[in-house]
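Engineer: Provided below are the primary sequence and the corresponding predicted coordinates.
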Amino acid sequence: MSEHIHFLHTPNLHGYNVKFCPFHQDHVAVATAQNFGLSGGGSLILADLSLPDNGIVCSCEWKDGLFDLTWSEEMPNKIVTASGDGTLQLWDTTKPGAPLMLYQEHTKEAYSLDWSQTRDHQLFISASWDATLKLWDPNHGKSLLTMLGHDALVYQAVWSPRLSGCVASVSGDGTLRIWNAKKKPQPSMTIRVCEGEVLSCDWCKYNQNVIATAGTDGAIHGWDLRQPGQAVFNLKGHGYPVRRVKFSPFIETQLASVSYDFTTRIWDHKLPSPCLKVMDNHTEFVYGLDFSNHVEGLMADCAWDQTVGIYNLDKPFQAPQQPS
């Protein structure tokens, strides 16, 4: 597997997560924070990969660090961000001033956001270090449901791409939990993942029963919800905690991961030697990761070294040409 890399630069801003736009294949957004998220403000940065140079077209500023973002699945140019002050902000990237809406219910850092891609596409979910998940309609300032069950801070919550109303979440309590977000505020399933903290999870895009988790044990574990007693695959190779894991939207058995060991890795969990590629292009913790749903092989990561990597894993990345 070959790759070509193009870097976007975010001076004085450290990347926490990056996501491709569901509507425009060239648009990518990054949630960033000053001072590694320990103090200062944050910026939501929108870049257009079809433009020359850095391609940054707008920046939305917030008074605290931004730790995650999610694109709206029904409103082009709308993005929700999650902040260290516990608030969530709805932005219109065509009008980068004040947020359109502010959601103020989490009592500690808001750390994860995800917009539903099933028929609940008008809803998004948030997760926080206050150990709760919250279900939101973006048109209402008050959450629809608060979900309780984790015993420690929640690092990520992700909608199933195939099962309506189904959410997976992972936490510092070492568990993966499955929820029916539309029916009850308690988890319907709990899986003990590891003795440490679980930092990330993602659903397989082709099998509604398979989820990958990653965490402080440095490994990626695969789980089949029909037989949750033990992992169905284990991927090892990272030297430090795995910060985020993401399944490919095009190849069922492939996934990517980023880590505090400064690397981004591509895996195929069905192969005897599952690690396909190790990319060590960053000089700090790699925090964010996403695949494009529009272009096969197009992937992005972001790191605390103030860069966003854009990877074309199948053919050379064609850098935009300056107009003649």
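Structural biologist: Structure's in. What do you need? Numbering: from 1, shown residues only.

Engineer: low-confidence ranges in the protein?
Structural biologist: 1-3, 315-324 (pLDDT under 70).

Engineer: one more pass at 80, please.
Structural biologist: Scanning the chain with the threshold set as pLDDT under 80 gives 1-4, 52-54, 314-324.

Engineer: can you tell me what sits against stretch 251-261?
Structural biologist: Here stretch 251-261 makes contact (C-beta atoms under 8 Å, 6 or more residues apart in numbering) with 202, 204-207, 212, 214, 218, 220, 235, 238-248, 264-271, 276, 285-289, 291, 299, 301, 303. For every residue, glycine as well, the C-beta is placed using N, CA and C.

Engineer: one more time with 7 Å, if that's ok
Structural biologist: 204, 206-207, 212, 214, 220, 238-248, 264-270, 285-287, 289, 299, 301 (C-beta atoms under 7 Å, 6 or more residues apart in numbering).

Engineer: one more: stretch 89-106?
Structural biologist: So stretch 89-106 is contacted by 44, 46, 58-60, 62, 77-81, 83, 86-88, 126, 128, 130, 132, 134, 136, 138, 141, 143 (C-beta under 7 Å, 6+ apart).

Engineer: quick one: which of those residues sit in helices?
Structural biologist: The helices, defined by DSSP state H, take in nothing from the contacts of stretch 89-106.

Engineer: are any of those buried, and which?
Structural biologist: The neighbour count (16 or more other C-beta atoms under 10 Å) marks 44, 46, 58-60, 62, 77-81, 83, 86-88, 126, 128, 130, 132, 134, 136, 138, 143 as buried among these.

Engineer: on that earlier part again, narrow the contacts of stretch 251-261 to those that are buried.
Structural biologist: By 16+ other C-beta under 10 Å, the contacts of stretch 251-261 give 204, 212, 214, 220, 238, 241-248, 264-269, 285-287, 289, 299, 301 as buried.

Engineer: quick one, phi psi at residue 35?
Structural biologist: Here is the backbone geometry of residue 35 (degrees, to the nearest 10): phi 50, psi 40.

Engineer: look up how far residue 229 lies from residue 114.
Structural biologist: 27 Å (C-beta to C-beta, to the nearest Å).

Engineer: who's more crowded, the two?
Structural biologist: Per other C-beta atoms under 10 Å, whichever of residue 114 and residue 229 has more neighbours is residue 114, with 22 against 8.

Engineer: tell me the contacts of that one?
Structural biologist: Residue 114 neighbours (C-beta under 7 Å, 6+ apart): 70, 124-125, 157-159.

Engineer: which of those ranks first by neighbour count?
Structural biologist: Result: residue 157 is most packed of those (other C-beta under 10 Å), 30 neighbours.

Engineer: list the contacts for it?
Structural biologist: So residue 157 contacts 112, 114, 125, 127, 133, 167, 169 (C-beta under 7 Å, 6+ apart).

Engineer: that one and residue 199: what is the separation?
Structural biologist: 12 Å.

Engineer: in stretch 33-50, what counts as buried?
Structural biologist: 33-34, 37, 41-49.

Engineer: these in strands, which ones?
Structural biologist: Judged by DSSP state E, those include 33, 42-48 as members of strands.

Engineer: including distance to residue 281, could those residues go into a markdown table?
Structural biologist: As requested, those are exported to a markdown table (distance: C-beta to C-beta, whole Å):
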| residue | distance to residue 281 |
| --- | --- |
| 33 | 21 |
| 42 | 24 |
| 43 | 22 |
| 44 | 23 |
| 45 | 19 |
| 46 | 22 |
| 47 | 17 |
| 48 | 22 |
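
Engineer: out of those residues, which is nearest to residue 191?
Structural biologist: residue 33 (30.7 Å; C-beta to C-beta).

Engineer: which ones are touching the nearest residue to the closest one once chain neighbours are set aside?
Structural biologist: In space, and not counting its chain neighbours, residue 33 is closest to residue 65: 2.9 Å by C-beta to C-beta, 6 or more residues apart in numbering. Applying C-beta under 7 Å, 6+ apart, we find residue 65 in contact with 33-34, 37, 40, 42, 83-84.

Engineer: residue 309: what secondary structure?
Structural biologist: Secondary structure for residue 309, judged by DSSP: H, G, I helix; E, B strand; the rest coil, is strand.

Engineer: and it, how many neighbours?
Structural biologist: With other C-beta under 10 Å as criterion, residue 309 counts 25.

Engineer: wait, it sits on residue 281?
Structural biologist: Yes: the criterion here is C-beta atoms under 7 Å, and residue 309 meets it with residue 281 at 5.7 Å.

Engineer: need the overlap of contacts for these two.
Structural biologist: Counting by C-beta under 7 Å, 6+ apart, the common neighbours of residue 309 and residue 281 are residue 5.

Engineer: residue 151: how many residues sit nearby?
Structural biologist: 10.

Engineer: quick one on the thing from earlier: of the buried ones among the contacts of stretch 89-106, which belong to strands?
Structural biologist: Reading strands off the buried ones among the contacts of stretch 89-106 with DSSP E, I get 44, 46, 58-60, 62, 78-81, 83, 88, 126, 128, 134, 136.
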